[in-house]
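Novice: Quick one, what's the 3D model for this:
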Amino acid sequence: MRGWESVTQFTDQLFGHLRRADQRRWAHAYIRGLLRTPGKKSIRRLAAAASDSPTASQALHQFINESPWEWTPACNRLREWAEDRVRPRAWTIVPVVLPKRGDKSCGVHRRFVPRTGRTVNCQVGTAVFMSTDVGEFPMGWNLLLPAQWAHGSRREQARIPQEAASSPEGVVLHLLDQLVQGSPHEDVPVIVDLEGYMEARRLINGLNQRRRDFVVTVPESLPMIPFSPLARAHRKSVMTAAEILSEHRTRSRFPDGRTGGAQTRHSLARIPGAAAADPQPQPLRLFARLGTPAAGPGSLWITNMVQAPVEELLRHTDRHTTTRETVDLLERGFGLRDFEGRSFPGWHRHMTLVSAAFTYSRLAVDLQEQSARPPTAA
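Specialist: All right, here's what the predicted structure looks like:
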């Protein structure tokens with residue numbers, strides 16, 4: 001890991017591409033405010049931490065919501081900056097539910113949330129995290145847009161670009177392409193836990209087309225066909241993923257430092273229809289850790305890394321747990337939920353700046369400059 005660098009040096013690297021000096025100045029102020037402001041990170045409070053001017057709040061609001069600048073270059077520079085300091089072991093993609101009041105925030109809608117078992121009024125974002133040996137670092141975000149926001153006047157008012165109105169699977173794959181292509185570590189596995197938010201089959205097909213190694217959580221009801229590696233033949237009868245694991249499973253046990261041991265069940269299978277595109281489709285491995293609930297997100301997984309040791313696959317599935325813990329940190333200490341604007345660009349700019357502040361706080365904070373530390377969560 002490299003030595004410490006100041007917030008100014010850091011923001012210059014990420015936002016030096018912005019054409020106007022005032023944009024670069026407010027990017028610096030926003031990140032410094034996220035690092036230093038305790039409690040809620042509203043525009044007003046961030047502006048007060050940056051300046052005594054009565055117009056600071058208006059200027060900062062203008063920078064986030066109205067000023068024309070792209071956030072994707074900053075995300076790519078954040079990824080490069082982090083890769084100079086830590087090595088990615090996986091790219092982990094998770095949903096982030098942001099409860100909201102009212103119906104004005106971009107993408108807000110009522111949705112059943114599998115993780116909590118409740119229906120809430122919320123925005124749902126997807127986030128790509130760089131998973132490393134020292135932690136999980138958010139690199140990029142996108143909103144999952146329900147039909148009422150993907151088309152018509154609400155899309156225009158929120159300034160949602162046309163490409164953002166594609167299928168949820170297409171949005172996630174596009175985000176992954178933007179962030180990971182060109183990385184020296186783009187070949188590390190992609191870990192996806194988005195069950196309940198998109199169609200698993202389409203996502204798996206998209207990852208296969210991109211020739212990416214993946215581990216994806218899938219619903220028990222996912223239609224699949226058992227695969228026979230000895231006969232190189234496929235059974236024609238379609239079964240659910242849960243039925244395949246129940247009837248065609250193999251058990252294995254291996255050491256686990258936290259629990260003293262772990263048992264898994266796994267089976268080779270393929271997704272129906274794959275043979276139409278590939279006359280000799282490669283099998284996938286369906287697996288689960290024994291003892292997990294019979295239903296619920298995260299219980300069943302599928303991977304194209306069929307030769308990987310089971311313990312390696314389970315380490316990958318554990319990454320989604322540590323990533324969710326990082327999301328909790330972002331909510332409590334870095335203002336993840338605190339964006340109050342109504343525009344699609346504003347939401348993404350806020351999330352990009354939150355990601356930058358968090359990553360900086362973990363990889364480059366000066367231990368002697370206590371005031372630059374992020375506030376301790378209450």
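Novice: in the stretch 201-350 of the chain, which spans are helices?
Specialist: Taking DSSP state H, counting those that start in this stretch as the test, the helices found in the stretch 201-350 of the chain are 241-247, 274-277, 310-333, 344-363.
Novice: got the angle for the third one vs helix 344-363?
Specialist: Interaxial angle of helix 310-333 relative to helix 344-363 (axes from the mean of the first three to the mean of the last three CA atoms, to 10 degrees): 110 degrees.
Novice: CA atoms only for helix 310-333, dumped as CSV, please.
Specialist: Taking Å, rounded to 0.1, in the frame of the first residue of the first chain, the C-alpha atoms of helix 310-333 are listed here in CSV:
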residue,chain,number,x,y,z
VAL,A,310,-15.8,-26.0,-3.2
GLU,A,311,-14.1,-24.1,-0.4
GLU,A,312,-13.0,-21.4,-3.0
LEU,A,313,-16.6,-21.1,-4.2
LEU,A,314,-17.9,-20.7,-0.6
ARG,A,315,-15.3,-18.0,0.1
HIS,A,316,-16.7,-16.1,-2.9
THR,A,317,-20.3,-16.4,-1.6
ASP,A,318,-19.1,-15.1,1.8
ARG,A,319,-18.0,-11.9,0.0
HIS,A,320,-21.6,-10.8,-0.4
THR,A,321,-22.0,-10.9,3.4
THR,A,322,-19.0,-8.6,4.0
THR,A,323,-20.2,-6.4,1.1
ARG,A,324,-23.6,-5.9,2.8
GLU,A,325,-21.8,-5.0,6.0
THR,A,326,-19.9,-2.4,4.0
VAL,A,327,-23.3,-1.0,2.7
ASP,A,328,-24.3,-0.7,6.4
LEU,A,329,-21.2,1.4,7.1
LEU,A,330,-21.9,3.6,4.1
GLU,A,331,-25.4,4.2,5.3
ARG,A,332,-24.4,5.0,8.9
GLY,A,333,-21.3,7.0,8.4
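Novice: The closest residue to Gly170 other than its chain neighbours and Leu284, how far apart?
Specialist: Using CB to CB, 6 or more residues apart in numbering and skipping residues adjacent in sequence, the residue nearest Gly170 is Gly206, 7.6 Å away. In short, each C-beta sits where N, CA and C put it, glycine included. According to CB to CB, to the nearest Å, Gly206 and Leu284 sit 14 Å apart.
Novice: One more: Gln23?
Specialist: On the measure of CB to CB, Gln23 and Leu284 end up 46 Å apart.
Novice: Looking at Gly206 and Leu284, which is more packed in?
Specialist: More crowded of Gly206 and Leu284, by other CB atoms under 10 Å: Leu284, with 24 against 19.
Novice: The closest residue to Leu143 other than its chain neighbours: neighbour count?
Specialist: Among residues not flanking Leu143 along the chain, Gly107 sits closest, at 4.4 Å (CB to CB, 6+ apart). Residues contacting Gly107 under the criterion other CB under 10 Å number 25.
Novice: helix/strand/coil for Gly107?
Specialist: coil (DSSP: H, G, I helix; E, B strand; the rest coil).
Novice: who touches the residue lying closest to Leu353 once chain neighbours are set aside in this structure?
Specialist: Spatially, and ignoring its direct neighbours in sequence, Leu353 is nearest to Tyr30 (5.0 Å; CB to CB, 6+ apart). By CB atoms under 8 Å, 6 or more residues apart in numbering, the contact list for Tyr30 reads 46, 50, 60, 63-64, 353.
Novice: Only whichever of those are buried, select them in PyMOL.
Specialist: The buried residues among those can be selected in PyMOL (16 or more other CB atoms under 10 Å) with this line:
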select buried, resi 46+50+60+63+64+353
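Novice: thinking again about what came up before, next, give phi and psi for the residue nearest to Leu143.
Specialist: phi 80, psi 0 (degrees, to the nearest 10).
Novice: SS state for the closest residue to Glu325 other than its chain neighbours?
Specialist: Spatially, and ignoring its direct neighbours in sequence, Glu325 is nearest to Glu136 (7.9 Å; CB to CB, 6+ apart). Put simply, Glu136 is strand when judged by three-state DSSP.
Novice: burial measure for Glu136, as a count.
Specialist: Quick note: Glu136 (other CB under 10 Å) scores 26 neighbours.
Novice: Could you measure from it over to Leu194?
Specialist: 16 Å.
Novice: Show the contacting residues for Trp71.
Specialist: Contact analysis of Trp71 by CB under 8 Å, 6+ apart lists 345, 348-349, 352.
Novice: Apply 7 Å and report the result again.
Specialist: By CB atoms under 7 Å, 6 or more residues apart in numbering, the contact set of Trp71 is 348-349, 352.
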